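Student: Structure, please.
(chains A and B)
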Amino acid sequence: DTGVSQDPRHKITKRGQNVTFRCDPISEHNRLYWYRQTLGQGPEFLTYFQNEAQLEKSRLLSDRFSAERPKGSFSTLEIQRTEQGDSAMYLCASSPGTGIDQPQHFGDGTRLSIL
Amino acid sequence: GESVGLHLPTLSVQEGDNSIINCAYSNSASDYFIWYKQESGKGPQFIIDIRSNMDKRQGQRVTVLLNKTVKHLSLQIAATQPGDSAVYFCAEGSRSNSNYQLIWGAGTKLIIKP
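Tutor: Residues are numbered from 1 along each chain as shown, chains lettered A, B, ... in the order given. The predicted structure is shown next:
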């Protein structure tokens, strides 16, 4: 049973650099979510996809952030011109079906550290 | 209590005892509730969920209770084991909310005493 996979697990980069994270959801899950989590807090919603369509973006997602899910399978989250405040855990989750009452299943995240 | 920054509410329980983790939710329109467990360095792991047309649901060693009158949710863990040590999050959602977002609580850290 393959769960949600995220790559890389850790990323250390200098301020101002661009970074890209990848998420592979559970096979056949239509919905894919990106969250950001800082220490001691619950996940904060960033954006979600229904198949390849990006249907919602949080106000947290500035124009430096972009997410894609080109074929409705894996997704990428890119952060351009990284800032210190971008340091966080970036979590990806997927769920089947179209209703909210379908549990989201999470990957183990990518921890981003900005030097 | 409410978490502020790094200071998560903490519950310490003796190994073998039952644990009860509480959560107050905010939106009267919420009709779906879910509990997650998060271990250090890992993503949240689904434990159990409940819809608003129920007031109790049981899983393996876990029970979720929903009191819509006072907007309160609890997670009961029977015979707590060392592997239950983690941060536990509740989240709420509404099927009438077209963006399907979950609203997450602040988290409770469960510590198991040997």
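Student: contact partners of the helix or strand hosting B:Val13?
Tutor: Assessed by DSSP states H and E, B:Val13 sits inside strand B:10-14. Strand B:10-14 is touched from outside by B:Ser19, B:Ile21, B:Thr80, B:Thr108, B:Lys109, B:Leu110, B:Ile111, B:Ile112, B:Lys113, with contacts defined as Cβ atoms under 8 Å, 6 or more residues apart in numbering or on different chains. Heads up, the C-betas are built off the backbone N, CA and C, glycines and all.
Student: again, 10 Å this time
Tutor: Outside strand B:10-14, the residues within contact range by Cβ atoms under 10 Å, 6 or more residues apart in numbering or on different chains are B:1, B:3, B:19-22, B:77, B:80, B:84-85, B:87-88, B:108-114.
Student: Can you give me every residue that contacts the residue most central in space within chain A?
Tutor: Closest residue to the average C-alpha location of chain A: A:Trp34 at 3.1 Å, with Cα atoms, centre = their mean. Listed by Cβ under 10 Å, 6+ apart, the contact partners of A:Trp34 are A:21, A:23, A:43-49, A:54, A:57-58, A:61, A:65, A:67, A:69, A:75-77, A:90-93.
Student: count of residues packed around B:Ile50?
Tutor: Neighbourhood size, B:Ile50 [other Cβ atoms under 10 Å in any protein chain shown]: 20.
Student: Need the three-state assignment for it.
Tutor: Classification of B:Ile50 by DSSP: H, G, I helix; E, B strand; the rest coil places it in strand.
Student: Okay, now the unreliable bits of the chain?
Tutor: Going with chain A. For chain A, the stretches with pLDDT under 70 are A:1, A:98, A:100.
Student: meant chain B actually
Tutor: Counting by pLDDT under 70, chain B shows low-confidence ranges at B:1-7, B:96-100.
Student: Strands along that one, start to end?
Tutor: Per DSSP state E, chain B carries strands over the ranges B:10-14, B:19-24, B:32-38, B:45-51, B:56-58, B:62-67, B:72-77, B:86-93, B:103-104, B:108-113.
Student: for these, which one sits closest to A:Leu112?
Tutor: strand B:32-38 (17.7 Å; Cβ to Cβ).
Student: Compute the inter-axis angle for the closest one and strand B:86-93.
Tutor: If you take axes from the mean of the first three to the mean of the last three Cα atoms, to 10 degrees, strand B:32-38 sits at 160 degrees to strand B:86-93.
Student: the inter-axis angle of strand B:32-38 versus strand B:45-51?
Tutor: With the same axes, to 10 degrees applied, the angle from strand B:32-38 to strand B:45-51 works out at 160 degrees.
Student: Report the secondary structure element holding A:Leu91.
Tutor: Assessed by DSSP H and E, A:Leu91 sits inside strand A:88-95.
Student: Would you mark the buried spots in that strand?
Tutor: Going by neighbour count (16 or more other Cβ atoms under 10 Å in any protein chain shown), the buried part of strand A:88-95 is A:Ala88, A:Met89, A:Tyr90, A:Leu91, A:Cys92, A:Ala93, A:Ser94, A:Ser95.
Student: Give the other helices and strands that that strand contacts.
Tutor: strand A:5-7, strand A:19-24, strand A:31-37, strand A:44-50, strand A:75-79, strand A:105-106, strand A:110-114 (3 or more Cβ pairs under 10 Å, 6 or more residues apart in numbering or on different chains; DSSP states H and E).
Student: Tell me the buried residues in the helix or strand containing A:Leu55?
Tutor: Taking DSSP H and E as the definition, A:Leu55 sits inside strand A:53-57. Judged by neighbour count using 16+ other Cβ under 10 Å, the buried positions of strand A:53-57 are A:Gln54, A:Glu56, A:Lys57.
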